[in-house]
Structures are given as C-alpha cells and as structure tokens.
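Student: just the structure for this:
(2 chains)
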There are 2 protein chains.
Amino acid sequence: MSTTQLIEPRTLKGFRDYLPEVMIPRERLMETARRVYRSYGFSPIDTPALEYLEILSGKGSDETDRQMYRFEHGGRQVGMRFDLTIPLARFAAQHIGKLGTPFKRYHIAPVWRGENTQAGRYREFVQCDFDTIGTESVASDVETALVIHDLLQAIGLERFQLRINNRQILNGLLEKSGLQDRSQAVLRAIDKLEKLGAEAVDEELQKVGGLSNEQASSVLRLCKMSGDSAELLMQLEFELDGNPTGSSGVGRLRAIIDALKSAGISDSRYRIDVTIARGLDYYTGVVFETLLQDLPSIGSVCSGGRYDNLAGLYTKQHLPGIGASLGLDRLIAAMEQLEQLDKPKTTANVFVPFFDSERLNDYMKLCAVVRCAGYNVEFYPDSKKLGTQLKFADDRGFAVALVAGSDELNAGSCQVKDLRNKSSELVSWNQSPHQLLKAIAKILG
Amino acid sequence: MSTTQLIEPRTLKGFRDYLPEVMIPRERLMETARRVYRSYGFSPIDTPALEYLEILSGKGSDETDRQMYRFEHGGRQVGMRFDLTIPLARFAAQHIGKLGTPFKRYHIAPVWRGENTQAGRYREFVQCDFDTIGTESVASDVETALVIHDLLQAIGLERFQLRINNRQILNGLLEKSGLQDRSQAVLRAIDKLEKLGAEAVDEELQKVGGLSNEQASSVLRLCKMSGDSAELLMQLEFELDGNPTGSSGVGRLRAIIDALKSAGISDSRYRIDVTIARGLDYYTGVVFETLLQDLPSIGSVCSGGRYDNLAGLYTKQHLPGIGASLGLDRLIAAMEQLEQLDKPKTTANVFVPFFDSERLNDYMKLCAVVRCAGYNVEFYPDSKKLGTQLKFADDRGFAVALVAGSDELNAGSCQVKDLRNKSSELVSWNQSPHQLLKAIAKILG
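Tutor: Numbering: from 1, shown residues only, chains lettered A, B, ... in the order given. Presented below is the predicted three-dimensional model:
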C-alpha cells in the first residue's frame, strides 16, 4: 500500500474562510440590509458571477480591468464581476422594458478583485447594493441618504458619519470660469489634499490643471470651507455666485440636509464635504461616503451617488439613477478590529444530551417540542458520559440543557439545566409543553 | 461626434438573471433553509468561490474535473468550486481542531459547473448544504432524514418523497458471495435498471461485473423488492442472511424509518429504495434522494448521505460524517414549471404617491411612521399625475396607497386607499399613528 501524499489545506492569498463565529454575525448583517432595503420598497435581484468579458470591461477603469479575474471558457472570453454596478447596467438594459421605472433593486452578492491585499481588504468580498433607476428626482437623493443612515444604525453602529457632496458644485465653479473641461484634472488634484497639503495641490491645479492663481484659490477655498451644514450651504452659494449648475447642486444638497434634520437625525451623523468625488467619470450629482469615526483608516464602508446614465454602453434608453453600496466584508473586518463583533459559536440556544441510546425517538420528540416553540435545539449525537456532553455545551456557549435519562423519559419529564448558574428544575413535558417552555424562557429571558 | 457601438446586453449560455419576481421567492427559500438548519443547531460557514486547483481536483471524478471552471491567476492554477463538499473537506481539515466535534455546519452558496445545459439545469446554481461531522452515530442519520423532511415541508411542498437506502446493504450482499470488490461495477449496472430494464442489467452484472447467474439474480431480487417499509426491511434481512455489514445497514435504515414514523410523518413521504447510490466512491452508509412526485424528471432536489472519511486528502484526522444538499435553483426551476412559484413584483405592501413637491419631508415622515410599524413602504419619487402613480402601484400589485395632498398634509391626515376595491378612508396620523395603522391592517389583513 502506498501512503498518499496529503494536499495542504489552505485558501488562496487574499481569500478567507468564515467560521461560524464570524459567519453568524455576517448573516445577521445581510439580513439587516435586506430588511432595511425592503422597508423602503427595494426588491432583490441576482445576476451571474461570470459575464462576457466585453460586458465587464466596457466601462471599467484601467484599474478594475487590471484587477479582474478573466479567462477563456468554451472559446469565450469571460470575467468574474468586480462590482455589482456593471451587472446592474447590463441587467437594466436587458430587462427594464419588462420591469418599468422607477425600478428599485437591491443586490447582495460577492465580487472579486485580484488587487493587492491589505488589512481589511480581500480579493473576494460581499457588496450590498441598492439603487433607484429611472428618476432624476431629488426625492431619491433624500431617500438614499435616509437608507444609508437607517442601515448603519440598524447594524448597531453608533459612531459613523455620512459625508455628502454634490458633483455639480465643483462643476458649477469651474463652469463659472469657463473651465468645465478641467474637472477630472481638478478632482485628481483635490483628491491629494489630505495627503500632500494645500500648497502642493495649489501647484498641481495651476501646472497640471491649467488654472490661474485666482481660480486655484477659489477651488481651494471651496475645499477648506468650514462650519455647520447651514453655514457651508450659504458659503457655497456665495462662492458659486448664481451659476445654475452649482446652484442646483447646492439646492439638492440642502434638500438632503433638511430631510436628515427633519427625520431627527443627530447632526454628528452627517457632514457636507466638497472634497469627496467617488470615481472620476461615473457620478454626476450627489455623492456619499460613510466613515467609521473610530476607524477612519479602513475607508468608506458605504458609498454611492447619482449618475446621469447607467447603461449607455448597452442601450440607447436614458437611465438616470442613484444608489449606494455597503461593503459588508470591509465592515466586518472593521468591526473585528474594533472588537465590536459579537462572536457566537452556535446558532442554537438549547442543548439536549443523549443518554439512553435505546430511546432515540423520545429524545427526538423532546427536541421537536422545543423546536416547535421557535428555539434552535442541538442534540448531541453520541451517548457519551454526561460530563463530556455538558463540557461540549459549555464550550459552545449554550445557556440551557434539557437532561433526561431513562427515568425521566419514562415519566415524560426532563431536567431543565441553567448552564450558567448550574441550577436545575424538573418539569414534565409529554402532556403539555407549557411547563417546559416556561422553564426555558426563564433562563433565556 | 462618433456614434458609439452598443454592446449587446446578454448573459452567458447556461447562466440566468433573477428578476424580483423569482428572486423574492428565492430569498424566501434560502431564509427557510437557514431557519430549518438553525433549528437543528447547524451553524453557517462560508468559503471562497476560488480555490487552488489541486484542492478541487483532488477528489473530483473525471466528470466534475471536466466541468470545472479553471484558469491561471498570478502564476497559480485556480478553479471555481463545483460543489460545497470539497470546500467543506478542505475547511474541516484546516479548522476542525479549533471547531471541535461534532461540528454541524450549513453553507448556502453558488457553485459552477460548465456542463451541458438542459431544462432546469444551469451552469451556476445555489446549493444549500448541511453536514454533521465527527460522528458515526445513527442519531445523525435519523436527524439528517428529519431535517430533509422538515425543510421540504417548510418550503411548502406537498408532494415529495424521500428515497432512502444504505450502501452497506448491497455491500453486505456482495460480501456474502466474496464479491466485495465488485461493488462499483454492480452499482454502475444497477443504475441503468430504470433505463435499460432487468434483462440488460442482468447481462451486464454477469459479463462486466463477473457475477454468476445466481449472484446476479440475488442482486436483481434486492432491487425489485416491493412492499411497505416494514416488509422491505424484513425481506432485506432475509436476503442478507446474517451478514454483519448488511445487517448493520438494515438496522440503521430501520432506525430512520422508525423515527419518521414516530415523528408522525405520513408514509407516503418516504420509501426505502435499494437502487439509489448517489455517486460511486463517496458514500458509505445511508443515502438520500428526494423526488418531486409531480415532476420526477427534474431529478432529486435534496440528496446526501453518510461518508466514512470526509477529508482524507487533506488530513490524517479521520472525519466521518453525514449531510445533504438542497439544490435550490433546481427546485426553483421545478416550482416555476409546476406553476407553484408565487411571483410578486415588489417586496413592499404600502405605496405612497408624491403630490406636493414642496412637502417632501412631510411625506418622508408619513413613510417613516408606517415603516416603523413593520410595513415596507415605497414612495414614488416624482410628483406626476395621481393616475400615473396609481397605475404604477396597480401594476406592481400594491394593495394599499396612502394618498395625501397639501390639504391632508396641513391637517396631518391622509387617505388610506384600498387599491383592490377602490374604497378609501380618511385618517389622521400626525398625533398618533394608531388610526392609520389600524386602517392599513384592515386592508392587508
């Protein structure tokens, strides 16, 4: 007999397994996202993980193109989706006639990017997107801000801040000086403000962007404005001096701020930030980022914005819309780092040890009674020593064990054991489950 | 200006989009699976879609190897998982020391197989697996049968049947005649019984399997036994004539039948079927298939069984276990064919049209009040004509609309409109939501 060489069990670099202790809260977060999205009338869709390469590379930037997992299959060039926006664009072009507008969808699914891995970043991660397609209404801008807020609050995060901008503001400022064609160069420069400081950015605006000294100062003034939301809106209007594009941006920003205030949301939860851009080409109106105040370095955990035309590569139909994406796995990584992730070892709350191997069906009946009342029940499959079985229950963090040997089963009773304080109560359960369920509820609260 | 060539929006062959009308019930089925699995103490895990090719091709059959999506990335050979069992084996080998046994996990995730497409079969489909690892106990055999039954019942299927076999029975029969090394050839022959008939199989058993006339007859007798479960168990015991392997198989089968009966499950829901094998190498004990009686041609929608050693390729640790897999997308395809799939167009039940564009925040407040009470509320984002907005609500199947113009908003009231019978009731909501919620509940029941 040859001894077979073992294959080393390991995951690819940048990929991870989710053990129950992380997968249980991860499932809870996805369930929360579904619940919040549905509460605003968003409906779920799903699309394939694999698409024709021409679909995926159509609009991607050089960076996403480089990061894409691509290969040939059956003579076709295919790729794994690297976000949920391009699949949405393809989906909308294909189905919007049947679906009608406004169309509100959410999509919770993994995406893949072969990027260099760093803390909190993986090559496979779940995104939770929601979008409203087929309307330019400011009502959708407002609703999107409310959904982002409600979602992060429902997840249980306390210290987060929504950063809000409107791309029309900078566009308006540039337009005012006849510089509308410079917006990409200006955005690229502004993006370096935090890293390089105002002086370097001023230089780049002038040398690379071709702005005059005065124009560069005006852009920098915009970026450095401070004050509360009302003050900022006033200063922005002053700076834009009646430019229609910019004023529209300020007006739409004001509608969001008013709505957040009117909904009673604390003003520490949101801030106007004219420096955020979220991608150079794509967004045309409001843009959102969401920072965790205790871990800003992990980046935005929920981002999005308004776009003029979702699916221009695939259809002539003009489809404006707005949406945002919760980076679920980035958020999970953040919560792990912040030790804000509760890590249960089991989904079950009631443990039933196995004593008398001749009475399996009685145990099954006991489990079924408790399960019917809505508890998750784990039955130990081997009739080992009670100590071994209870140690297992302790290790997994069970609070309740229902202990029954032959005598109890004959009498239709069992011991309801509180595994934390080790107390125990004998109850009968075969006539009516009432006493049993009451004893369990007393422990589980 | 050049006119850009549009890219045709389409999915790859064998892949499909899920529109809300199918994704809503699909999410509900996944939620049901999670609920049932959790109720038995199974906990969720997740593993990467991509694995090292050597991990995936280690145990796969020629067929799965051929169907696998594989490619090179960053100098590594990788593959997309084609089932959730091999990732579980790799996962268990890697983490079981930390997790401990018995370990009960479920895993709901897509898998990919580049197989030839046919009705109800896709190249991407979601599997919902559950397994109990680290025990040989018959209690886990029993529990697995109960979970499969509870799951299909919870999904709302009425006419399904669990087919149960134990591989030890045929092994015992062959052992009795010194033919234990022929089991694969015999299984391959038996598998053709329905397609080719007894005579052809008899011939194959003798010519290919090398069985004597008498031995082949004995195998065929086993396959053609009829009667209820109790009769079958008796006949099987007779045929096995005390062979220990076979008797163990019959005994374990009997435990399952007894438990299903004891749980009060109708005997039309299960059947002993000694012809089912579920893969030649893998299973060593009980095996399950589940057929839809109204669409048997679609194949088994939930299958599984017991295995001796899950992760032998990756670890020396002996890990016996048992599990099964619900083929969610095959089931969805079946339910679509059987017209048993309810196809809602929205997740929301309350519709709020937008009249007075100056009062956005009042509408948001009205929506929030209803949302807080647990209803899903869709607000129409554009203040179009009421007729247009209500037609939209009708098309989507909403039952309730909350209609408020400036007058109603000034008075803190709204019309609660029953969109089915067109009746309407004026209620006030700004002081207390009680009257409003009562009127909504009256319509939605």
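Student: C-alpha only now, for contacts and for neighbours.
Tutor: OK.
Student: what pLDDT, on average, does stretch A:247-267 get?
Tutor: If you average the pLDDT over stretch A:247-267, you get 97.
Student: correction: the previous question concerned stretch A:322-335.
Tutor: On average, stretch A:322-335 scores 94.
Student: residues making contact with that stretch?
Tutor: A:26, A:29-30, A:120-121, A:125-133, A:140-141, A:144, A:148, A:288, A:295, A:298, A:301-307, A:341 (C-alpha atoms under 8 Å, 6 or more residues apart in numbering or on different chains).
Student: just those: which are in strands?
Tutor: A:125-133, A:288, A:302-307 (DSSP state E).
Student: what helices or strands is the helix or strand of chain A at the bottom of the mean pLDDT ranking leaning on?
Tutor: Lowest mean confidence among the helices and strands of chain A (mean pLDDT, DSSP states H and E): helix A:62-67, at a mean of 80. Using 3 or more C-alpha pairs under 8 Å, 6 or more residues apart in numbering or on different chains; DSSP states H and E as the contact test, no helix or strand touches helix A:62-67.
Student: for the helix or strand that that helix is followed by, buried residues please.
Tutor: Using DSSP states H and E, the helix or strand that follows helix A:62-67 towards the C-terminus is strand A:70-73. Within strand A:70-73, the residues that qualify as buried are A:70-71, counting by 16 or more other C-alpha atoms under 10 Å in any protein chain shown.
Student: contacts with chain B among the contacts of stretch A:322-335, please.
Tutor: A:Ser140 (C-alpha under 8 Å from any C-alpha of the partner chain).
Student: which stretch of helix or strand covers A:Leu326?
Tutor: strand A:321-327.
Student: over to A:Arg420?
Tutor: A:Arg420 belongs to no helix or strand, assigned by DSSP H and E.
Student: what's the pLDDT at the nearest residue to it once chain neighbours are set aside?
Tutor: Counting by C-alpha to C-alpha, 6 or more residues apart in numbering or on different chains, A:Ala399 is the residue found nearest to A:Arg420 once chain neighbours are left out, at 6.2 Å. pLDDT for A:Ala399: 95.
Student: residue contacts, A:Glu8?
Tutor: A:Glu8 is in contact with B:Tyr314, counting by C-alpha under 8 Å, 6+ apart.
Student: which residues touch A:Glu63?
Tutor: A:Glu63 sits in contact with no residue, where contact means C-alpha under 8 Å, 6+ apart.
Student: in stretch A:415-426, what counts as buried?
Tutor: A:415-419, A:424, A:426.
Student: what is the burial count for the nearest residue to A:Gly304 once chain neighbours are set aside?
Tutor: Once flanking residues are discounted, A:Gly304 sits nearest to A:Ala324: 3.8 Å by C-alpha to C-alpha, 6+ apart. When neighbours are defined as other C-alpha atoms under 10 Å in any protein chain shown, A:Ala324 has 25 of them.
Student: and if you look at A:Arg221?
Tutor: 14.
Student: what are the phi and psi values for it?
Tutor: Dihedral pair for A:Arg221: phi -60, psi -40, per degrees, to the nearest 10.
Student: what's the pLDDT at A:Gln118?
Tutor: Per-residue pLDDT puts A:Gln118 at 68.
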